[in-house]
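Visitor: 3D, please:
(one chain, ligands or ions: 2)
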Amino acid sequence: MSEIKILYTREQIAQRVAEMGAQINADFSGQTIIFVGILKGACIFLSDLARSVQLDATFDFISCSSYGKGARSIGEVKLIKDLDQSVQDKNVILVEDILDTGLTLSYLKKLISAHQPRAMKIAALLDKPSRRVQPVKADYTGFEIPDHFVIGYGMDYAERYRNLPSIGILPPELF
Ligand code: IMP
Ligand code: MG
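Guide: Residues are numbered from 1 along each chain as shown. Ligands and ions are numbered 1, 2, ... in the order given. Alright, predicted model coming up:
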């Protein structure tokens with residue numbers, strides 16, 4: 001049985017997330033922001049990112065499904081939990097664990113834009129550009145990676161491995 005191969009250690013992740021936070025701090029200096037986390041994968045990233053930002057911030061969460069319980073998208077996005085609060089005229093940072101086909105984020109961008117936020121930015125810890133189906137770009141990206149199925153730091157395979165502190169590659173025999 002092969003092991004999970006570590007792609008980014010918790011130290012590497014912490015370093016990069018702090019840099020992303022510093023960028024958001026600078027871009028929104030003197031303003032208030034709402035971090036909108038996409039459940040469940042983004043919750044750990046949001047927790048760390050938000051704590052590296054010193055602005056006046058609130059949290060909200062949104063949930064949608066596109067993956068079912070497997071590893072690959074079924075190509076259709078469904079809203080499971082909407083925002084709790086109005087984002088009209090607010091600065092929204094949409095926080096996502098990984099930008100893959102782009103189906104989820106293009107759907108959510110449209111949904112949130114309809115509520116007329118003052119600004120809407122996307123923060124994605126990981127980006128797999130080679131998998132893109134919809135032309136979505138993140139404003140803040142942690143790491144660009146090739147087409148591996150990754151787990152840990154909030155990301156799952158069939159709901160497991162979210163609590164690994166590092167990010168690893170799931171070996172094919174564990175699929
Ligand atoms: P997209 O709609 O295809 O961009 O997919 C986005 C969602 O798919 C992310 O929020 C993740 O939950 C999930 N996802 C995509 N790639 C991976 C991966 O390599 N590991 C774990 N989850 C993934
Ligand atoms: Mg997700």
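Visitor: Residue 154 contacts residue 98, doesn't it?
Guide: No. The pair residue 154 / residue 98 is not scored as a contact, 9.2 Å apart, by C-beta atoms under 8 Å. In short, each C-beta sits where N, CA and C put it, glycine included.
Visitor: okay, and the common contacts of these two?
Guide: residue 41 (C-beta atoms under 8 Å, 6 or more residues apart in numbering).
Visitor: Over to residue 136. Which of the three states is it?
Guide: Look at residue 136: counting by DSSP: H, G, I helix; E, B strand; the rest coil, its state is coil.
Visitor: I'd like to check which residues are in contact with the nearest residue to it once chain neighbours are set aside.
Guide: Spatially, and ignoring its direct neighbours in sequence, residue 136 is nearest to residue 102 (3.8 Å; C-beta to C-beta, 6 or more residues apart in numbering). Neighbouring residues of residue 102 by C-beta under 8 Å, 6+ apart: 132, 133, 134, 135, 136.
Visitor: Please repeat the previous calculation with a cut-off of 10 Å.
Guide: 109, 127, 128, 129, 131, 132, 133, 134, 135, 136, 137, 138 (C-beta atoms under 10 Å, 6 or more residues apart in numbering).
Visitor: which of those lies closest to residue 85?
Guide: Nearest to residue 85 out of the contacts of residue 102 is residue 109 (C-beta to C-beta; 18.0 Å).
Visitor: you'd agree the closest one is in a helix?
Guide: Yes. Residue 109 sits within a helix when classified using three-state DSSP.
Visitor: what number of residues lie near it?
Guide: Number of residues near residue 109 (other C-beta atoms under 10 Å) recorded here: 17.
Visitor: Check the contact between it and residue 136; I expect there is one.
Guide: Yes. Assessed by C-beta atoms under 10 Å, residue 109 is found in contact with residue 136 at 6.9 Å.
Visitor: what do these two both touch?
Guide: Listed as contacting both residue 109 and residue 136 by C-beta under 10 Å, 6+ apart are 102, 122.
Visitor: Poorly predicted segments of the chain, please.
Guide: 1, 67-74 (pLDDT under 70).
Visitor: Quick check: phi and psi on the closest residue in space to residue 132 that isn't next to it in sequence?
Guide: Using C-beta to C-beta, 6+ apart and skipping the chain neighbours, the partner closest in space to residue 132 is residue 102 (5.0 Å). Note on residue 102: its backbone torsions stand at phi 90, psi 0 [degrees, to the nearest 10].
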